[in-house]
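1. mind folding the following:
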Amino acid sequence: MGGAEGEDEGLFIEPPRCYLMHFFDDDIFGVAGSSVASLARFLDPCRVVALGVDEEAARCNSLEELASLFRQRVLSDVFENPCASLPGASDFFARGGGEAAAPTYVERVVLIGYGFGAVVAHQVAVQLRAEGPSLEVALVLLDSEVSWPPSYSIDRMGGYQWLGGKLEAALLMCRSVGHMDFAREAVREVLASRDDGGCDEEDLLMRAFWTLAPGGMTHKYYNSCIEYLELSLDVMHDMIAAYQAPSEVFAGDALLISSTSREFRVAQGANAKYCSDLEVAHCRGTHYSMVQDEHINSVIKPLSDFLLTRGYLGPVAQKSAQASGRLSKPPRIEGLDVVNEGDQVDAPTVYIVHEVKPYITQAWKDRVSELLAPCRVIAVEFDSRAALCEMPEDLVVEYEYRILGDVRRHAGRPAAGGNLGAEVEAGVSEAGGDVGADGEGE
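-> All right, here's what the predicted structure looks like:
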């Protein structure tokens, strides 16, 4: 740590422990968790531990059994790797934990679930909440529901009848790189053919390869991904086949970060049923690309804001961020619609003047945000006030007034890019002092 609370040498930040629940429907091209590895790099200075399905986990017969195993692994990591610099930690771990050991000591744990991992992370979070006040648990869901199966959709796995691990693997690969039309038609073809004896699986697999090949994929690599994913997806499907919905609501702090993929937007409504304090943020990229390097800043920014707001970086960092204005939302300028807040401090703000408001749908906003990323994007509305302008010159003055007001409102607000540590530093540096932190990644 760069200093203790109340010391002059630096600002005391208590990075939480982050546990990434990753499985096979989100980490499509990585045998060892490439998507999670990309995200972990940006969570510095937190201690980051990935929890996936290894041999022991694959032997679990149910989702509840898997969640219990992961709960035990989280608790073992907490006790085997104590953050000794935190107040009360030494006494807490010397006595084996528990409320009686050190009532003032708190370990902050953040569970991050992505894809099927969100279902498991929710179950683990519910179990960890029962451990008592010495363990604070936050749940972060990356564009995914905590219940299974999702609502009907032929555009995502689980939204239709299971096709088997091999075909599902090929279709996931196609979706992940943008070939949604091919995957959609393939699902329709397979489902329609089941009454006629089934489709030619090998032919469909080969067509999927030729769809992917122009992007540089070799047949050897394609087959290796299919082989890995087929077994993994079948294990996942068997484990969750009897599961329907969570039996308990998670009553702690929860954040859902939604991508631009329309087929995953149902996650907000679904998760609100099982997370009593759910906050929702939006990021750039599709469900499959949101944690890759080109979009990761738009995930890290709302995540860092969430951790600061809810106190998971410690009370000193939270207080300093509040003093700097990082956690307060500025008042909205009437007549301006914020399409995207952007995620790079040096990117410009784009003001779009469009008089036909019905055209500005959520789909339009998502597409414009993607095209203009990483810019901050504002739509200047032709509202009732603008309609009162009699001359074009009057409308110019009205729009100029709104834009200048937004410029003044937005000036000086931190929006640093980079890892979580950089986001925190941007949020608290105006309050004075240096930022000190301690953490490690695995």
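2. give the buried residues for the longest helix anywhere in the chain.
-> When the chain is parsed with DSSP state H, its longest helix is helix 219-240. By neighbour count on 16 or more other Cβ atoms under 10 Å, the buried set for helix 219-240 is 222, 225-226, 228-230, 232-237, 239-240. To be clear about C-beta, it is placed using only N, CA and C from the backbone, and glycine gets the same treatment.
3. please state the offset of the strand or helix carrying residue 19 from the chain centre?
-> Counting by DSSP states H and E, the element that carries residue 19 is strand 17-21. When C-alpha coordinates are averaged (Cα atoms, centre = their mean, to the nearest Å), strand 17-21 and its chain have centres 12 Å apart.
4. swap in stretch 198-209?
-> For stretch 198-209, the distance to the chain centre is 33 Å (Cα atoms, centre = their mean).
5. any idea of the mean pLDDT in it?
-> Averaging pLDDT along stretch 198-209 yields 92.
6. buried sites along that stretch?
-> Neighbour-count burial for stretch 198-209, counted by 16+ other Cβ under 10 Å, picks out 199, 204, 205, 207, 208, 209.
7. list just the nearest of the residues you listed to residue 347.
-> residue 208 (36.7 Å; Cβ to Cβ).
8. in contact with that closest one, which residues?
-> By Cβ atoms under 8 Å, 6 or more residues apart in numbering, the contact set of residue 208 is 170, 171, 173, 174, 182, 186.
9. mind running it again at 10 Å?
-> By Cβ atoms under 10 Å, 6 or more residues apart in numbering, the contact set of residue 208 is 167, 169, 170, 171, 173, 174, 179, 182, 183, 186, 222, 226.
10. now swap in residue 174 and tell me
-> Going by Cβ under 10 Å, 6+ apart, residue 174 touches 28, 180, 181, 182, 183, 184, 186, 207, 208, 209, 211, 212.
11. all strands of this protein, in order?
-> 11-12, 17-21, 47-51, 107-114, 135-142, 250-258, 275-282, 336-340, 349-354, 376-381, 435-436 (DSSP state E).
12. the fourth one pairs with which strands?
-> Read it as strand 107-114. strand 17-21 (parallel), strand 135-142 (parallel) (DSSP bridges).
13. quick one: that strand to strand 250-258, angle?
-> Angle of strand 107-114 versus strand 250-258, following axes from the mean of the first three to the mean of the last three Cα atoms, to 10 degrees, is 50 degrees.
14. just the C-alpha atoms of strand 107-114, please, in CSV.
-> Below are the C-alpha coordinates for strand 107-114, written out as CSV (Å, rounded to 0.1, in the frame of the first residue of the first chain):
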residue,chain,number,x,y,z
GLU,A,107,-12.5,-8.3,3.2
ARG,A,108,-14.0,-6.9,0.0
VAL,A,109,-14.7,-9.5,-2.7
VAL,A,110,-15.9,-8.7,-6.2
LEU,A,111,-17.3,-11.6,-8.3
ILE,A,112,-17.3,-11.0,-12.0
GLY,A,113,-19.5,-13.3,-14.2
TYR,A,114,-19.4,-13.5,-17.9
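15. possible to save the strands paired with strand 107-114 as TSV with mean neighbour count?
-> Below are the strands paired with strand 107-114 laid out as TSV (neighbours: other Cβ atoms under 10 Å):
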stretch	mean neighbour count
strand 17-21	26
strand 135-142	25
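16. considering these, which stretch scores lowest in mean pLDDT?
-> Across these, the lowest-scoring stretch is strand 17-21, with a mean of 91.
17. low-confidence bits of this structure, can you list those?
-> Applying pLDDT under 70 to the chain flags residues 1-13, 24-36, 83-105, 324-331, 343-346, 355-359, 411-442.
18. do that again at 50, thanks
-> 1-11, 31-33, 84-103, 414-416, 428-442 (pLDDT under 50).
19. what's the residue nearest in space to the middle of it in contact with, if anything?
-> Most central in the chain under Cα atoms, centre = their mean is residue 142, positioned 2.9 Å from the mean C-alpha point. Residue 142 is in contact with 20-22, 26, 35, 39, 112-115, 117-118, 121, 255-259, 264, 267, 283, 287, 290-291, 299, 303, counting by Cβ under 10 Å, 6+ apart.
20. between the strands paired with strand 107-114, which gets nearest to residue 51?
-> Nearest of those (Cβ to Cβ): strand 17-21, 5.4 Å.
21. follow-up on the earlier one: out of the strands paired with strand 107-114, nearest to residue 408?
-> strand 135-142 (33.1 Å).
22. restricting to C-alpha, output that closest one in PDB.
-> Only the C-alpha atoms of strand 135-142 are listed here, as PDB (Å, rounded to 0.1, in the frame of the first residue of the first chain):
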ATOM      1  CA  LEU A 135     -16.900 -10.300   4.000                       C
ATOM      2  CA  GLU A 136     -18.400  -7.700   1.700                       C
ATOM      3  CA  VAL A 137     -19.400  -9.200  -1.600                       C
ATOM      4  CA  ALA A 138     -20.200  -7.300  -4.900                       C
ATOM      5  CA  LEU A 139     -21.500  -9.000  -8.100                       C
ATOM      6  CA  VAL A 140     -20.500  -7.700 -11.500                       C
ATOM      7  CA  LEU A 141     -22.300  -9.200 -14.500                       C
ATOM      8  CA  LEU A 142     -20.900  -8.700 -18.000                       C
END
